[in-house]
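Asks: 3D model of this:
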Amino acid sequence: MDTPRRDHPMDRRSFLKKGMHTGALVVSFPIWKHFAGKDSDSLLAAEAGLPGGLDKDGLRKLLEVCLGRGGEFAEVYYERTVTNSLSLDEDKITRATRGLDMGVGFRVLQGEKTGYAFSDDLDFARLKEAAETAALIASGAVRQKPATFTPLSPPSYYLVKVPPDTIASKDKAALLIKANAVARAHDKRITQVGVSFYDTNKKIRIANSEGLHAEDVQTLSWFGVNCAALEGKQRSMGYESKAGSYGFEHFDLALAEEFGRKAAEMAIRTLPADDAPAGEFPIVIAAGYGGIFFHEAIGHSLEGDGIRKKTSCFWDKLGQPIASSVVTLADDGTYKGAWGAVNIDDEGCVGKNTVLIDKGKCAAFIQDKLNAKLMKVGQTGNGRRQSYQFYPIPRMTNTYLHAGESKPEDIVKSVDKGLYIAKIGGGNVSSVTGRFVFSVTEGYMIEGGKIAQPLKGIMLMGSGQEVLKNISMVGDDLMVIGGGTCGKDGQSKPVGFGNPTLKVDKITIGGKKA
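Replies: Numbers count the residues shown, from 1 in each chain. This next block holds a predicted model:
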């Protein structure tokens, strides 16, 4: 059951009563406008990322408050996030934004219960009030004091030399202008072009009652081009993007030119698309974009909360075959430069590479601290939260199918009549049943082992369990990509995904043609 979030103060008696019944409560205590009533010195200190009361002594005092009613575990999570975005449409820059958000979240655990409160006012008195509120999930005498802090120094999996936040907007705008010019010049049938650059720089500090003290700086950058084409009554779309934990050194005018051309080429290539057939066919999924299928249709069903509550279709499958022997699936927070890479997760656990399916057998589940504790297993570095306003839950990082031994061209040649899926879009998936429906944004017929005419209106339907068992060939061309966010329990989080070229022997295709 989803936990309700509350964006207004609640009296403590009601909080305690409600918390006892639901097992988890989130309270904002209070929500104030940033720096309301602060003087200029306080504003400058906050902009520099130097919140008062959150040094080690302050963190320890706040943890003692969190444990003041007998909680088993307490945590303080501080976050400061700067976001920048720049967009071009109709041949001109149409939007430029910069945002700053910061705050502190307090979590207290007792058994299966979670008490959570947060504040965006960094005055110590207000932080203490929030800590007291989170503590109300517990009841009884003080059981423990916070352990002595031990600093954590994790390895880095980010590829950042030049933080994009330090780059002038005019230099980012040059990328957008270049991609737009190239895309429009590609073909007169290109009618619309949109280009965007987005970056976020997040500084986090985590301390808990077990003695953890960790800090991290997380940078994400995204550059994308999309095009629309029109010929008569035929319309099509094309897009290309790059996203990851990258510095600005990974983006230049040559890349902008390449992406503008590729987006336009896709739009023109798919203009003559025919209606997709309906029925059961073998399919070949191209490297990279098919990873969204493994994320949605498989990954969510392997997250620890659903496994523990027995609401996942895989809850009792550990150690058992759930896929063909060519399938090895990982969730990897250590994949360098990936959109979902984490030096530490949002609980301070170092990033890990976890094999979920090993040569067809269910090998592990995705765990955060709470579910790992209740299931008596180790954490996997997957405790993730959208921001300081949320408590962590088990979430994927970068989920991908390991490379196999087949050559991509041999996989295509093995199909006499089927479909080639170049890019998969969004879809709907049930983690309980594993049933899914995915739309395909770029697909083609395969005839006689060759990629033929483009198709439109392709829908992939079935269950994740069936597809896993029907994967018969896996290529040697793994590609991991990202750029989107995954939604779960009201939280959004950046995740990466990927796959090599692969063949599914049969799957149901929804289309207009019989």
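Asks: count of residues packed around Pro155?
Replies: 9 (other Cβ atoms under 10 Å). C-beta here means a position set from N, CA and C on the backbone, and glycine is covered the same way.
Asks: let me fix that: Lys188
Replies: When neighbours are counted by other Cβ under 10 Å, Lys188 comes out with 9.
Asks: List the residues that contact it.
Replies: Residues near Lys188 by Cβ atoms under 8 Å, 6 or more residues apart in numbering: none.
Asks: Please, which helix or strand holds it?
Replies: Per DSSP states H and E: Lys188 is located in neither a helix nor a strand.
Asks: for Ala254, same thing?
Replies: Secondary structure (DSSP H and E) places Ala254 in helix 253-269.
Asks: Touching, Gln110 and Cys66? I think so.
Replies: No: the criterion here is Cβ atoms under 8 Å, and Gln110 misses it with Cys66 at 11.0 Å.
Asks: out of the two, which sits in the busier spot?
Replies: Cys66 (31 against 20).
Asks: Check that one and give its pLDDT.
Replies: Looking at Cys66, its pLDDT is 97.
Asks: Would you mind measuring from it to Cys313?
Replies: Between Cys66 and Cys313 the distance is 37 Å, computed by Cβ to Cβ, to the nearest Å.
Asks: ends of stretch 116-131, how far apart?
Replies: 8 Å (Cα to Cα, to the nearest Å).
Asks: buried stuff in it?
Replies: Using 16 or more other Cβ atoms under 10 Å as the test for burial, stretch 116-131 gives 116-123, 126-131.
Asks: and the two most separated of those residues?
Replies: Greatest spacing in those, by Cβ to Cβ: Tyr116 and Asp123 (19.7 Å).
Asks: Just the CA atoms from the helix or strand harbouring Thr94 would do, formatted as PDB, please.
Replies: Element membership for Thr94, per DSSP H and E: strand 92-110. Only the C-alpha atoms of strand 92-110 are listed here, as PDB (Å, rounded to 0.1, in the frame of the first residue of the first chain):
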ATOM      1  CA  LYS A  92      14.900  30.200 -30.900                       C
ATOM      2  CA  ILE A  93      15.800  29.700 -27.200                       C
ATOM      3  CA  THR A  94      12.400  29.400 -25.600                       C
ATOM      4  CA  ARG A  95      13.200  28.600 -22.000                       C
ATOM      5  CA  ALA A  96      16.100  29.000 -19.600                       C
ATOM      6  CA  THR A  97      15.700  28.000 -15.900                       C
ATOM      7  CA  ARG A  98      17.900  27.700 -12.800                       C
ATOM      8  CA  GLY A  99      16.600  26.300  -9.600                       C
ATOM      9  CA  LEU A 100      18.000  25.700  -6.100                       C
ATOM     10  CA  ASP A 101      16.400  23.400  -3.500                       C
ATOM     11  CA  MET A 102      17.800  22.200  -0.200                       C
ATOM     12  CA  GLY A 103      16.500  20.600   2.900                       C
ATOM     13  CA  VAL A 104      17.000  17.900   5.500                       C
ATOM     14  CA  GLY A 105      15.100  14.600   6.000                       C
ATOM     15  CA  PHE A 106      14.900  12.600   9.300                       C
ATOM     16  CA  ARG A 107      14.100   8.900   9.400                       C
ATOM     17  CA  VAL A 108      13.500   6.700  12.400                       C
ATOM     18  CA  LEU A 109      12.900   2.900  12.100                       C
ATOM     19  CA  GLN A 110      11.300   0.600  14.600                       C
END
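Asks: what element comes up after it heading to the C-terminus?
Replies: Using DSSP H and E, the helix or strand that follows strand 92-110 towards the C-terminus is strand 113-119.
Asks: Figure out how far that following strand is from the centre of its chain.
Replies: Between the centre of strand 113-119 and the centre of its chain there are 23 Å (Cα atoms, centre = their mean, to the nearest Å).
Asks: same deal with stretch 337-344?
Replies: Taking Cα atoms, centre = their mean, one finds stretch 337-344 lying 10 Å from the centre of the chain it belongs to.
Asks: separation between Gly232 and Arg189?
Replies: From Gly232 across to Arg189, the span is 10 Å (Cβ to Cβ).
Asks: quick one: which of the two has more around it?
Replies: Arg189 (17 against 7).
Asks: The stretch 151-300 of the chain: strands as residue ranges?
Replies: When secondary structure is read from DSSP state E, counting those that start in this stretch, the stretch 151-300 of the chain shows strands at 190-208, 212-231, 234-244, 274-275, 279-285.
Asks: Please point out which parts of stretch 201-211 sit buried.
Replies: 201-210.
Asks: what's the closest of those residues to Phe293?
Replies: Taking the buried residues of stretch 201-211 together and measuring to Phe293 by Cβ to Cβ, the closest member is Lys202, at 28.5 Å.
Asks: what is the closest one paired to in the beta sheet?
Replies: Beta-bridge pairing for Lys202 (DSSP bridges): Thr81, Gln218.
Asks: which residues touch it?
Replies: Taking Cβ under 8 Å, 6+ apart as the test, what Lys202 contacts is 79-82, 217-219.
Asks: with those in mind, which one is nearest to Tyr400?
Replies: For the contacts of Lys202, the closest approach to Tyr400 (Cβ to Cβ) belongs to Gln218, at 20.2 Å.
Asks: next one: stretch 95-108 to chain centre, how far?
Replies: Relative to its chain's centre, stretch 95-108 lies at 17 Å (Cα atoms, centre = their mean).
Asks: related to what we said a few turns ago, and the contacts of Lys202, which of them are buried?
Replies: 79-82, 218-219.
Asks: Switch the residues you listed over to TSV; also include pLDDT and distance to Leu455.
Replies: Putting those into TSV (pLDDT from 0 to 100; distance: Cβ to Cβ, whole Å) gives the following:
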residue	pLDDT	distance to Leu455
Glu79	97	44
Arg80	96	47
Thr81	97	41
Val82	97	43
Gln218	98	39
Thr219	98	38
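Asks: Next, give me the two most distant ones among these.
Replies: Using Cβ to Cβ, those reach their maximum pairwise distance at Glu79 and Thr219, which is 13.9 Å.
Asks: If I look at the spatially closest residue to Glu258 that is not a sequence neighbour, what pLDDT would I see?
Replies: Spatial nearest neighbour of Glu258, chain neighbours left out: Glu240 (7.9 Å); criterion: Cβ to Cβ, 6 or more residues apart in numbering. Here the pLDDT value assigned to Glu240 is 97.
Asks: Next: Ser139.
Replies: 83.
Asks: Next: Leu271.
Replies: pLDDT at Leu271 comes out at 97.
Asks: could you measure it against Asn382, distance?
Replies: For Leu271 relative to Asn382 (Cβ to Cβ), the value is 42 Å.
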